[in-house]
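Novice: Output the structure for:
(2 chains)
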Amino acid sequence: MEINKEKMEELLELIEELVVNKIRIEKVKDETKGLEIKRVLGQEVQIVSKIQEVVKKIQSESMKTIYNNLENYFGKKFIGINLNGEDAEFDNYNEKYIFNMLLVFIQDAFAGDKNDINNKVKVSAHNDSANLIIEILSKKTSKFEQLLKKHENNTIELTSLGEGEIDDWIKDVYIDGKAMNGTVELVIEDELNQRIIITIPLTSSIIKAQLVEINHQTYAIPIDCIEKVMNVDSAQKRVSGNMQLINYMKSIIPVIPIDKTLGFNYDYEISNYVVLKFKSQMKVLPVNLLLEQTDVVVRPKPKILQNVKEFKGMAVLGDGDVTMVFDIAYLLGNQS
Amino acid sequence: MEILTFRLAEEPFGISIGCVEAIEHFAPVTYVPKAKEHIAGLINIRGKIVPAIDMSKLLKLNKELVWSKLILIRHNEQPFALMVDDVDDVININEENITIVSTASEDFSIINYQDMVITYIAGSQLNLI
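Specialist: Next up is the predicted model:
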């Protein structure tokens, strides 16, 4: 089914407004004493939740579809591609773009010889709370090196390439003269190998979040990135040099140093440790209060906060307050 | 040209009305760790999240202010809420009334209006945001 991108974006914006209102309605429902009002508000909350689910199903597609198409294209004998992350999702109107882009990069990685079984290409996909991220690991190609020379900061903004000035190598990702939003990052893996990281933003920014209090302020953690929440008294703590560690499931996990990470001293009492997980990495976030779980609509950061990498975006809560949403991938990748 | 005048620590300041979108009562600010010092945080203005600018720190006044109003502006296509003590008036001036005063470290613009000397917040100062 062909989805009209503009109409879908319009619908998603309305759904996001509904979700923000739903959070407020839940709060009002909890505080009101009238049984009839409680019942009606409860129904409203349920209806909005169902609309959310239905629209998500209409809007989303999984990488499995694209992987199947790749397999069909290259034929069953082709065993040089290792595909992972078939459950990762994207907006389905981007399907053609993503398929074309993968095709271009994989074909180049094989330099036209799709039957070279000694050459392996690894493709993996995953979602963070706002993007689909696809990584293609392969042997270095001459076209990759040409692109590296052309794009000094190693990152290509897909929409910044206008029609006519489109790089020959990736012109196939344009459909009807339009590119999808997103970036292609070119990484030299080692002397022999290259890694291409494609990041495509998801239109819907509604996520389930755990709210926590740190230093007297509320922050949101995407639920998908929480492995476990443990009481501070029940955690098995260790210290190594200046580093605090937690023993969890026979693994030693570092505790994120909040003072260094967020730039303030924490003079509060820690009540819980939140074990964060992203891909295979885990770290522990100490919090002084564990609050409720709720849907939040993640808004992108304004330009002047783009350098604050610890947060993916921000959201309005039911009481009208603004909260910052942690970027777990960044927190786990950049703290020692 | 039309200038919106406002106060910071009892001193009068002015900004071109062209970039002003609205004036709001002060609202709770969410602190953003690791943001620049003059960014006080984020404010929810009728569902829109806007960065709140501590004008005392932006203009290096080093004075304690009593925030009571927010001036919502749009600069370089980005919305900002300027935190100020109070908003006074909209005045009409000729551009000749604006004088550039140079000090050793920076230039700033002054408006001579009736018996007042108003510090004019020029676009170059807003670029510092």
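
Novice: Can you tell me the SS state at B:Leu42?
Specialist: Following DSSP: H, G, I helix; E, B strand; the rest coil, the label given to B:Leu42 is strand.

Novice: Report the contact partners of it.
Specialist: By C-beta atoms under 8 Å, 6 or more residues apart in numbering or on different chains, the contact set of B:Leu42 is A:314, A:322, A:324, B:29-30, B:32, B:49-52. The way it works is simple: take the backbone N, C-alpha and C, and place the C-beta from them, glycine included.

Novice: Among the residues you listed, pick out the one closest to A:Lys27, please.
Specialist: Among the contacts of B:Leu42, A:Val322 lies closest to A:Lys27 (C-beta to C-beta), at 15.6 Å.

Novice: Not counting sequence-adjacent ones, nearest residue to A:Glu61?
Specialist: In this structure, A:Glu61 finds its nearest non-sequential neighbour in A:Asn92, 3.8 Å apart by C-beta to C-beta, 6 or more residues apart in numbering or on different chains.

Novice: Am I right that A:Thr261 is in a strand?
Specialist: No - secondary structure of A:Thr261 (three-state DSSP): helix, not part of a strand.

Novice: now it: how far from chain B?
Specialist: In this view, A:Thr261 and chain B are 8 Å apart by C-beta to the nearest C-beta, to the nearest Å.

Novice: same check, this time on A:Leu83
Specialist: The value you get for A:Leu83 to chain B, if C-beta to the nearest C-beta is used, is 38 Å.

Novice: can you map out the strands along chain B?
Specialist: With DSSP state E as the criterion, chain B has strands at B:2-8, B:11-16, B:20-25, B:39-45, B:48-54, B:69-75, B:78-84, B:86-92, B:98-102, B:107-113, B:116-121.

Novice: Serialize those strands to TSV and add fields for mean pLDDT.
Specialist: Formatted as TSV, those follow (pLDDT from 0 to 100):
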stretch	mean pLDDT
strand B:2-8	94
strand B:11-16	93
strand B:20-25	95
strand B:39-45	94
strand B:48-54	94
strand B:69-75	95
strand B:78-84	95
strand B:86-92	93
strand B:98-102	81
strand B:107-113	83
strand B:116-121	90
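
Novice: what residues does chain A put near chain B?
Specialist: A:17, A:20, A:217, A:262-264, A:299, A:302-305, A:308, A:310-311, A:314, A:316, A:320-324 (C-beta under 8 Å from any C-beta of the partner chain).

Novice: What residue, apart from its backbone neighbours, is nearest the spatially most central residue of chain B spatially?
Specialist: Centroid-nearest residue in chain B: B:Leu82, 5.1 Å away (criterion: C-alpha atoms, centre = their mean). Computed as C-beta to C-beta, 6+ apart, the closest residue to B:Leu82 that is not its neighbour in sequence is B:Ile71, at 4.4 Å.

Novice: Wait, the one you found touches B:Thr5, no?
Specialist: No - applying C-beta atoms under 8 Å, one finds B:Ile71 not in contact with B:Thr5, separated by 10.6 Å.

Novice: Overlap of the contact sets of those two?
Specialist: Contacts common to B:Ile71 and B:Thr5, judged by C-beta under 8 Å, 6+ apart, are B:Val87.

Novice: about what we covered before: okay, now the residue nearest to A:Glu61: neighbour count?
Specialist: 19 (other C-beta atoms under 10 Å in any protein chain shown).

Novice: Any buried residues in stretch A:205-220, and which?
Specialist: Residues of stretch A:205-220 classed as buried: A:205-207, A:209-212, A:214-215, A:217-220 (neighbour count, 16 or more other C-beta atoms under 10 Å in any protein chain shown).

Novice: Which residue does the stretch 151-300 of chain A have closest to chain B?
Specialist: At 3.9 Å from chain B, A:Leu262 is the closest residue in the stretch 151-300 of chain A, using C-beta to the nearest C-beta.

Novice: sorry, back to before: relative to B:Val66, which of the contacts of B:Leu42 is nearest.
Specialist: Nearest to B:Val66 among the contacts of B:Leu42, with distances taken as C-beta to C-beta, is B:Val29, at 14.3 Å.

Novice: Let's see the pLDDT reported for that closest one.
Specialist: With respect to pLDDT, B:Val29 has a value of 95.

Novice: who touches it in this structure?
Specialist: Residues counted as contacts of B:Val29 (C-beta under 8 Å, 6+ apart) are B:40-43, B:52, B:83.

Novice: from those, which two are the most distant?
Specialist: Using C-beta to C-beta for every pair in these, the one that comes out farthest apart is B:Leu42 and B:Met83, at 12.1 Å.

Novice: And for residue 48, the neighbour number?
Specialist: Went with chain A since none was named. As a burial measure, A:Val48 scores 19 neighbours (other C-beta under 10 Å).

Novice: you looked at the wrong chain, it should be chain B
Specialist: Around B:Lys48 there are 12 residues (other C-beta under 10 Å).

Novice: residues contacting the residue nearest to it when sequence neighbours are not counted?
Specialist: In this structure, B:Lys48 finds its nearest non-sequential neighbour in B:Pro79, 7.2 Å apart by C-beta to C-beta, 6+ apart. Neighbour list for B:Pro79: A:302, B:21, B:48, B:50-51, B:72-73 [criterion: C-beta under 8 Å, 6+ apart].

Novice: Can you select the buried ones from those in PyMOL?
Specialist: Restricted to buried positions by 16+ other C-beta under 10 Å, the PyMOL selection for the contacts of B:Pro79 reads:
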select buried, (chain A and resi 302) or (chain B and resi 50+51+72+73)
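
Novice: In CSV: the contacts of B:Pro79, plus distance to A:Asn127.
Specialist: Shown next, in CSV, are these (distance: C-beta to C-beta, whole Å):
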residue, distance to A:Asn127
A:Pro302, 24
B:Glu21, 36
B:Lys48, 27
B:Val50, 29
B:Pro51, 28
B:Leu72, 35
B:Ile73, 36
